[in-house]
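> Here is my input; please provide its structure:
(one chain, ligands or ions: 2)
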Amino acid sequence: MRDAPAPAMNETIRALVCNATHARGVSSATRIQSLWSGYGELSRVHVEGGDAPSVVVKWAKPPREVARSSVTSDERKRRSYEVETRFYRDHASRCGPGSVVPRLLAHHEGDNEWVLVLEDLDARGFAERTWSPQGSALEACLAWLASFHATFLHAAPKGLWEVGTYWHLATRRDELARMTDTRLKSAAATLDRALSSARYRTFVHGDAKPANFCFTPSKDRVAAVDFQYVGGGVGVKDLAYLLDDVDSRVEAHALDTYFMKLRAIVGAEGEALEHEWRALYPLAKDDFRRFLDGWRR
Ligand SMILES: Nc1ncnc2c1ncn2[C@@H]1O[C@H](COP(=O)(O)OP(=O)(O)OP(=O)(O)O)[C@@H](O)[C@H]1O
Ligand SMILES: [Mg+2]
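Ligands and ions are numbered 1, 2, ... in the order given. This next block holds a predicted model:
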């Protein structure tokens with residue numbers, strides 16, 4: 001990742017970072033990227049004399065006013081920063097070594113802003129990125145998802161999205177109206193109901209794309225970031241999204257790998273769980289494609 005010019009950092013954030021890391025001060029900050037539609041920025045902040053050499057700061061500060069046409073997406077984004085904060089604050093500590101997430105070192109919710117001070121995963125050995133994971137890298141993503149889904153099996157998504165993923169039908173009414181695929185459009189509500197009424201529910205990551213996984217140098221272990229769309233759901237929603245553009249041979253192998261890993265963790269419930277989620281996988285694919293069809297118009 002290329003270093004960009006140091007972003008502006010206000011005193012609240014500087015103090016938050018120094019307190020969280022027991023540092024004397026901040027030595028430098030580099031922008032990793034700006035957030036969606038200029039809604040804030042993500043930076044790597046280097047500190048002097050702290051517990052760790054650097055932290056990652058996700059600072060969301062949405063515009064106070066948006067065009068009428070952007071109200072829905074603005075509300076969705078604001079809620080997503082709130083959800084991500086709740087996830088790190090209230091749920092993430094349950095994630096063990098099989099589903100590594102950055103530690104939340106500090107957070108701040110102000111008037112129209114959300115700040116997360118996160119452990120720098122690069123410094124913990126997860127400094128590699130890949131946009132098209134294959135072989136052991138893909139297997140590592142599947143292992144992470146299996147562990148995450150097993151960890152939160154039957155958990156209530158308190159403070160999170162009742163139904164996770166950024167493409168969930170209830171949050172995508174404008175896209176539904178714009179759809180041209182008549183089969184998927186007329187099936188949309190039925191698909192949504194079938195997925196939502198599953199017996200086995202867990203937390204889905206909700207945006208499990210390769211960019212949100214951070215890999216070890218050998219790419220055989222991953223950690224995940226970006227929990228803005230975490231919430232209730234069936235695990236195969238994350239798989240349908242992660243595997244959207246792989247060929248059918250890789251897809252079939254990936255599903256087998258995922259269920260093998262999932263069943264090794266959940267034990268007795270595994271057989272019934274696999275039976276239900278395998279049957280829901282094609283529906284989860286259609287559900288994601290329902291979103292894509294309307295979003296691309
Ligand atoms: N704690 C962290 N440690 C190391 N890298 C991180 C950390 N948090 C985020 N990143 C890196 O920054 C990228 C963007 O972070 P994140 O996905 O949270 O922002 P975002 O605005 O939601 O991004 P996008 O909208 O592009 O998905 C991640 O894909 C990852 O490469
Ligand atoms: Mg992201």
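> pLDDT score for the closest residue to T72 other than its chain neighbours?
What sits nearest to T72 in space, not counting adjacent residues and going by CB to CB, 6 or more residues apart in numbering, is D174, at 6.2 Å. (Glycine included, C-beta is placed from N, CA and C.) Looking at D174, its pLDDT reads 96.
> quick one: average confidence on stretch 286-297?
Across stretch 286-297, the average pLDDT comes to 97.
> which residues make contact with it from outside it?
Stretch 286-297 has contacts (CB atoms under 8 Å, 6 or more residues apart in numbering) with 167, 169, 172, 174-181, 184-185, 187-188, 191-192, 195, 237, 240-241, 244.
> How far off centre is that stretch?
The chain centre lies 19 Å from the centre of stretch 286-297; the measure is CA atoms, centre = their mean, to the nearest Å.
> Could you do stretch 227-242 as well?
Remark: stretch 227-242 is offset 8 Å from the chain centroid, using CA atoms, centre = their mean.
> quick one: contacts for N212?
With contact taken as CB under 8 Å, 6+ apart, N212 is in contact with H205, A224, V225, D226.
> Adding distance to S37, neighbour count and pLDDT, write these out as CSV.
What follows is the contacts of N212, written out as CSV (distance: CB to CB, whole Å; neighbours: other CB atoms under 10 Å; pLDDT from 0 to 100):
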residue, distance to S37, neighbour count, pLDDT
H205, 21, 31, 99
A224, 23, 23, 99
V225, 19, 20, 98
D226, 15, 19, 98
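> If you count contacts, what does the strand or helix carrying Y258 end up packed against?
Y258 belongs to helix 248-266 when assigned by DSSP states H and E. Applying 3 or more CB pairs under 8 Å, 6 or more residues apart in numbering; DSSP states H and E, one finds that helix 248-266 makes contact with helix 135-151, helix 236-242, helix 270-295.
> Would you indicate which residues of the longest one are buried?
The reference is to helix 270-295. 270, 273-274, 277, 280-281, 283-291, 293-294 (16 or more other CB atoms under 10 Å).
> what's the angle between it and helix 135-151?
If you take axes from the mean of the first three to the mean of the last three CA atoms, to 10 degrees, helix 270-295 sits at 110 degrees to helix 135-151.
> the inter-axis angle of helix 270-295 versus helix 248-266?
Using the same axes, to 10 degrees: helix 270-295 against helix 248-266 is 130 degrees.
> The first one too?
With the same axes, to 10 degrees as the basis, helix 135-151 and helix 248-266 are set at 40 degrees to each other.
> Can I get whatever helix or strand comes next after helix 135-151 in CSV? Just the C-alpha atoms.
Where DSSP H and E defines the elements, the next helix or strand beyond helix 135-151 is helix 173-178. What follows is helix 173-178, C-alpha atoms only, in CSV (Å, rounded to 0.1, in the frame of the first residue of the first chain):
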residue,chain,number,x,y,z
ARG,A,173,-35.5,-0.9,-2.2
ASP,A,174,-34.3,1.6,-4.8
GLU,A,175,-32.2,-1.1,-6.4
LEU,A,176,-35.2,-3.5,-6.4
ALA,A,177,-37.2,-0.9,-8.2
ARG,A,178,-34.5,-0.6,-10.9
